[in-house]
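Participant: quick one, fold the following:
(2 chains)
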Amino acid sequence: MVRRVCFFVMPFRSELNFFYLYLKKYLEDKHGLEVRRGDTSILTKTLMDKIETEIQSADLIIGDVTHSNPNVFYELGIARANRKPIVFMIQEEPEQAPVDLRQFEFIRYDLSKDHDLLQKLDNAIRNLLGEGYRALFNTSLALLQEFNGETGSAVVPAEFEEFQARVMRGERLEGIPPAEKHLALEEFLLPKIIGDATDMATIRKIEKWLSGRDQQAQAGKPGNP
Amino acid sequence: MKCLLVLPLDASTRSLRDTVSRVLRENEVEPVGVDDTAKVTAGARWVDEIYGLLRSCDFVIADITRQNPNVVFQLGVAHGLGKPFIVLISEGADSPSIPSFLSGYQFLVYDPKNFSGLVSRLGRVVQSMSRTV
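Facilitator: Okay, here's the model as predicted:
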């Protein structure tokens, strides 16, 4: 599983470097993202071509429009044209923003309240990248239902937020198996959907059920010894 | 052929809009966004409407004299959609420098008191644009 890429659009000003590095470290650790900026890769093309390529290959764009830098607005326009999810960050009141931000995900922040900013970033990223997790959640619910039915259990599913947090953690550590590897994906998902993940009996039961499915699949494969 | 005008909307630029629209019509290009933009700016879905207008146009003419963030954002969208644009800048621009994202583009510098020079140059650029787009 390739890590998802978050591209930062902000002015290249030396006093903002620490701010960027702080957010980069946080987003990489907490959300398992790969965070990049216009100066991350080596310059082989003109800067704007390079930034356009970066934007096109990113999964999420975060733009800080605090200082009303024209380059930032231009790059965010390119991101919009490429239909990328955008998070706008701004220190002023959003009503004073030079572009109408109400239809976008936006974060008003204060440099003296770092935890507040990080929390808002968490929410914005969950909202924007959450759709993929929602699909996994539905797959997992169906899987859990199958498990409950076949084993006569009544395991309660976790809330979506909890499930998503577990999947994100797993995504960072081992990566999400691709959909075509059914069993690997089921092994990955099922332990994350159970409501009480500390119940050893349930976990044993799940492992047993999954290994049974594995054997069935092996036996069912034509031409396999 | 259609061209989206991204020009500041106030009384002082009325004559610029009229002039640019006239040059476009003389070259059989339909100017878009002259009055429509005024309507959509009030709405919350402004960016989406501009986005739709941009898609329907073949190229864009924008005035970046004031480096208005809305104008710059729309130019970025035009860039991302692969729409060519013609950039206008007034001789009396406050900013001494051109933002770096526009370096390498051709500018039409105009005299805000006398558009005669702009009319002939813009006419030529629009003609070549109509041929290549």
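
Participant: leaving out sequence neighbours, find the closest residue to the residue of chain A found nearest chain B.
Facilitator: The nearest approach of chain A to chain B comes at A:Gly77, 2.0 Å away (CB to the nearest CB). Quick note: C-beta positions are derived from backbone N, CA and C, even for glycine. In space, and not counting its chain neighbours, A:Gly77 is closest to B:Gly76: 2.0 Å by CB to CB, 6 or more residues apart in numbering or on different chains.

Participant: what do you get for B:Ser90?
Facilitator: B:Thr65 (4.2 Å).

Participant: likewise for A:Pro70?
Facilitator: B:Pro99 is the one closest to A:Pro70 (CB to CB, 6+ apart), at 4.2 Å.

Participant: and that neighbour, how close does it get to B:Leu75?
Facilitator: 10 Å (CB to CB, to the nearest Å).

Participant: quick one on the thing from earlier: what does the pLDDT read for the residue nearest to B:Ser90?
Facilitator: On the pLDDT scale, B:Thr65 is placed at 85.

Participant: got the phi/psi numbers for it?
Facilitator: B:Thr65 adopts backbone torsions of phi -50, psi -40, taken as degrees, to the nearest 10.

Participant: and it, how many neighbours does it have?
Facilitator: 23 (other CB atoms under 10 Å in any protein chain shown).

Participant: what comes up buried for the helix or strand harbouring A:Phe147?
Facilitator: Per DSSP states H and E, A:Phe147 falls inside helix A:114-151. For helix A:114-151, a neighbour-count test (16 or more other CB atoms under 10 Å in any protein chain shown) marks A:117-118, A:120-121, A:124-126, A:128-129, A:133, A:136-137, A:140-141, A:143-144, A:147 as buried.

Participant: so where do the helices sit in chain A?
Facilitator: A:17-31, A:47-57, A:70-81, A:114-151, A:160-173, A:182-193, A:200-220 (DSSP state H).

Participant: the residue nearest to A:Gly77 - that's part of a helix, no?
Facilitator: Yes: checked against DSSP: H, G, I helix; E, B strand; the rest coil, B:Gly76 lies within a helix.

Participant: returning to what we had before: pretty sure the residue of chain A closest to chain B contacts B:His79?
Facilitator: Yes: counting by CB atoms under 8 Å, B:His79 is a contact partner of A:Gly77 at 6.8 Å.
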